[in-house]
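Engineer: could you work out the structure for the sequence below:
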Amino acid sequence: MQAAALFTACLLVVLTLIALPAQASTPSVWPQTAVSKDGVPIAYEQYGTGEPTLVFVHGWSCDSRYWRAQIDHFAKKYRVVVLDLAGHGHSGLTRYRYTMQAFGQDVRAVVEAVGGKTVILVGHSMGGQVIAEAGRLMPDRVIGLIGVDTFDNIEYPLTRKELEQMIAPLVDDFQVGTRAFVEGMIRPDTDPRIRDWILADMSSAPPWVALSALEEMMQQYIAGDAAKIFEQIKAPVVCVSGDLWPINAEANRRHMQSFDAVVVPNADHFLMLDRPYAFNQGLEQAVHTILRKAAQQ
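Structural biologist: Numbering: from 1, shown residues only. A predicted model of the protein is given here:
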């Protein structure tokens with residue numbers, strides 16, 4: 001009995017030692033940090049290999065988790081990078097103003113950290129304006145911009161008074177105001193679990209970050225900078241959007257050298273969460289459009 005017990009114990013030790021190298025060689029994806037131009041740490045994760053590198057940039061009061069349904073799908077073919085802009089997710093909170101230009105530097109820092117040579121930037125909502133800033137900063141790396149339910153009309157007319165009326169409910173009560181603000185972007189038939197998660201998550205953002213970013217984002221429309229920046233960008237632009245709002249392609253093409261749109265039916269502002277399969281197909285189409293145009297240059 002003692003001999004049998006000893007043999008069993010030895011066998012377990014041997015099997016454990018045999019298994020260790022296989023476990024140690026299994027790749028793990030750990031969050032990493034890049035440092036933006038102003039010293040703020042920017043959290044990011046990367047998956048997959050190869051070029052082009054797809055860099056996913058979240059929207060206002062969101063973070064990299066909003067792309068969770070895209071990572072596995074696109075990492076099979078491309079290197080995928082998701083990041084948290086300053087003041088969001090796990091990135092630094094020390095910035096006084098959360099401008100689109102500074103956010104663009106956040107994206108640039110991450111692209112340089114991962115060594116992306118051929119980059120397609122994917123930006124949701126406010127992330128569209130962010131990737132425009134980043135694209136302007138990296139014309140030698142960025143071969144295309146993909147806006148996700150953004151770039152509906154880069155000439156959108158907005159007055160200072162309208163902006164103040166928009167922000168006022170968020171200033172009075174950020175959580176209540178944000179929930180009301182965001183709820184209008186979600187279709188009534190969206191999965192209630194997704195709706196509840198989005199509303200709870202976005203209304204829990206740091207108010208000073210959210211209000212600063214919203215002010216800076218909308219100020220670009222008041223000043224006309226949301227459109228003018230594209231006059232400095234040669235890379236093609238493709239929009240993958242839901243069908244809640246119309247797309248003014250004519251207005252966009254007055255400033256963009258190339259603009260195309262893919263519309264996902266029965267999808268709302270958060271189509272990458274609400275309609276992930278259809279959205280991924282649309283995003284694949286957008287990536288192929290950019291690759292084709294890049295090959296023609």
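Engineer: low pLDDT regions in this structure?
Structural biologist: Across the chain, the ranges flagged by pLDDT under 70 are 1-29.
Engineer: list the contacts for L54?
Structural biologist: The contact partners of L54, by Cβ atoms under 8 Å, 6 or more residues apart in numbering, come to 74, 78-81, 119-120, 122, 287. C-beta coordinates here come from the backbone N, C-alpha and C atoms, glycine included.
Engineer: neighbours of P169, just the number please.
Structural biologist: 15 (other Cβ atoms under 10 Å).
Engineer: that one contacts V176, correct?
Structural biologist: Yes. Look at P169 against V176 with Cβ atoms under 8 Å: they come within range, at 7.4 Å.
Engineer: ok but L121 is inside a strand, no?
Structural biologist: Yes. With DSSP: H, G, I helix; E, B strand; the rest coil as the criterion, L121 is part of a strand.
Engineer: which strand residues bridge it?
Structural biologist: V55, L145 (DSSP bridges).
Engineer: please name the residues that touch it.
Structural biologist: By Cβ under 8 Å, 6+ apart, the contact list for L121 reads 55, 57, 107, 131, 134-135, 142, 144-146.
Engineer: what comes up buried for stretch 237-245?
Structural biologist: 237-242, 244 (16 or more other Cβ atoms under 10 Å).
Engineer: wait, isn't V264 in contact with Y277?
Structural biologist: No. If you go by Cβ under 8 Å, V264 and Y277 don't touch, sitting 9.9 Å apart.
Engineer: which of these two has more residues huddled nearby?
Structural biologist: V264 (23 against 10).
Engineer: how far away is that one from P192?
Structural biologist: 20 Å (Cβ to Cβ, to the nearest Å).
Engineer: return the distance of stretch 169-182 from the chain's centre.
Structural biologist: Mean-position distance between stretch 169-182 and its chain equals 22 Å (Cα atoms, centre = their mean, to the nearest Å).
Engineer: one step back: quick one: which of the buried residues of stretch 237-245 sit in helices?
Structural biologist: Among the buried residues of stretch 237-245, DSSP state H puts none in helices.
Engineer: pick the one among the contacts of L121 closest to A205.
Structural biologist: V57 (16.0 Å; Cβ to Cβ).
Engineer: next up, phi/psi of that closest one, please.
Structural biologist: Backbone torsions for V57, taken as degrees, to the nearest 10, come to phi -120, psi 120.
Engineer: quick revisit: out of the contacts of L121, grab the one that's most surrounded.
Structural biologist: Neighbour counts for the contacts of L121 peak at I131, which has 34 neighbours (criterion: other Cβ under 10 Å).
Engineer: wait, doesn't that residue sit right on V107?
Structural biologist: Yes. I131 is in contact with V107 according to Cβ under 8 Å; the separation is 6.7 Å.
Engineer: need phi/psi at I143.
Structural biologist: Here I143 shows phi and psi, under degrees, to the nearest 10, equal to phi -100, psi -10.
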